[in-house]
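Chemist: Provided below are the primary sequence and the corresponding predicted coordinates.
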Amino acid sequence: RQTIRGHTDNVYGIVHLPDGQSIMTCSHDGSLRQWDLESGAQIGDNWRDEGDEEEVWCIALSPNGKTVASGSSEGIVRLWNVETEKLKPRQTMQGHTDDVNWIVHLPDGHSIITCSNDGSLRRWDLESGAQIGDDWRDKGDDAQVWCIALSPSGKTIASGSSDGTVRLWNVEREKVIAKWSRHTNFVRSLCWSADGERVVSGSHDGTARVWSVENGKTVIGPIKAHEHVWVVVYSPDMKKIATGGTNENSVKIWDATTGE
């Protein structure tokens with residue numbers, strides 16, 4: 001087991017880089033850092049925007065593995081060149097008015113979608129740094145958006161909110177196409193099954209639920225997983241679900257067909 005230390009505050013995001021030998025992390029200490037998996041040593045210096053001390057909530061790697069997008073506590077999204085470890089031209093995307101909690105790259109390789117505590121999802125052009133279209137909001141709803149996950153087809157986004165609701169969005173039309181409300185506290189993590197037929201959600205209410213995309217019903221759960229669930233992940237073969245949460249300091253593995 002390898003333990004990597006260096007950040008001075010909570011680590012909120014990790015991505016594996018395409019070389020298979022290193023990872024990138026982000027932290028509330030305001031930095032991104034690259035680490036060697038063999039030695040556990042940090043590679044190079046901390047990645048920071050000069051003069052910036054904002055907490056970094058999330059990172060996402062582009063499909064080609066050349067760009068990392070990061071989201072901050074000031075509502076700013078930044079693009080980083082993985083090879084040079086520097087901010088890219090037109091690298092700063094501003095528009096969100098609160099923490100940026102999650103980022104996904106779209107399959108076209110030219111745009112990303114972000115979500116924020118300001119209650120919106122937004123789509124951004126990676127070349128120009130400009131927002132594409134209007135904010136995505138569910139009419140009449142101002143709940144914070146804590147997480148998003150892109151379907152395997154790339155056509156649908158699932159979002160999880162502070163009101164305990166999971167929403168499905170059509171990426172092309174930028175509209176809500178389904179709404180699932182069973183959690184009793186905010187939804188912190190979402191993951192699609194590899195076939196795109198199910199979504200697993202993890203909530204601060206301590207449970208995980210597996211939803212049918214076709215009819216919106218809870219097909220597995222609620223699984224009482226942790227005091228608070230912070231992360232849920234489907235295995236690639238869709239046979240297992242992993243959950244991580246608070247207080248137990250553990251990761252739990254569940255049968256994805258029975259919830260046991």
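Modeler: It's in. Residues are numbered from 1 along each chain as shown.
Chemist: Who is the residue most central in space within the chain paired with across the strands?
Modeler: Central residue check for the chain by Cα atoms, centre = their mean: the C-alpha nearest the mean position is that of W102, 4.0 Å away. Beta-bridge pairing for W102 (DSSP bridges): C115.
Chemist: List the contacts of V82.
Modeler: V82 makes contact with L17, M24, L61, G65, K66, T67, V68, according to Cβ atoms under 8 Å, 6 or more residues apart in numbering. C-beta coordinates here come from the backbone N, C-alpha and C atoms, glycine included.
Chemist: hang on, E214 packs against E197?
Modeler: Yes. Counting by Cβ atoms under 8 Å, E197 is a contact partner of E214 at 7.0 Å.
Chemist: Look at the two and report which has more neighbours.
Modeler: Each of E214 and E197 had its neighbours counted (other Cβ atoms under 10 Å), and the higher figure belongs to E197 (15 against 10).
Chemist: any idea what sits nearest the more buried one, other than its immediate chain neighbours?
Modeler: V213 (5.6 Å; Cβ to Cβ, 6 or more residues apart in numbering).
Chemist: Just the pLDDT for the one you found.
Modeler: Predicted confidence (pLDDT) at V213: the value is 98.
Chemist: How about D19?
Modeler: The confidence metric pLDDT takes the value 88 at D19.
Chemist: In terms of residue numbering, what are the domains of this protein?
Modeler: As recorded under automatic domain parsing, the domains making up the chain are 1-129, 137-260.
Chemist: wouldn't L37 be in contact with I14 here?
Modeler: No. The pair L37 and I14 fails to qualify as a contact (Cβ under 8 Å) at a distance of 11.2 Å.
Chemist: Mutual contacts of the two, please.
Modeler: I23.
Chemist: mind listing what N46 touches?
Modeler: Taking Cβ under 8 Å, 6+ apart as the test, what N46 contacts is S31, L32, R33.
Chemist: Spatially nearest residue to the first one (excluding sequence neighbours)?
Modeler: Read it as S31. In space, and not counting its chain neighbours, S31 is closest to N46: 4.0 Å by Cβ to Cβ, 6+ apart.
Chemist: what do you get for G221?
Modeler: Going by Cβ to Cβ, 6+ apart, G221 has R209 as its nearest residue, at 4.1 Å.
Chemist: where among the domains of the chain is the average confidence lowest?
Modeler: Between the domains of the chain, the one with the least mean pLDDT is domain 1-129; it has a mean of 89.
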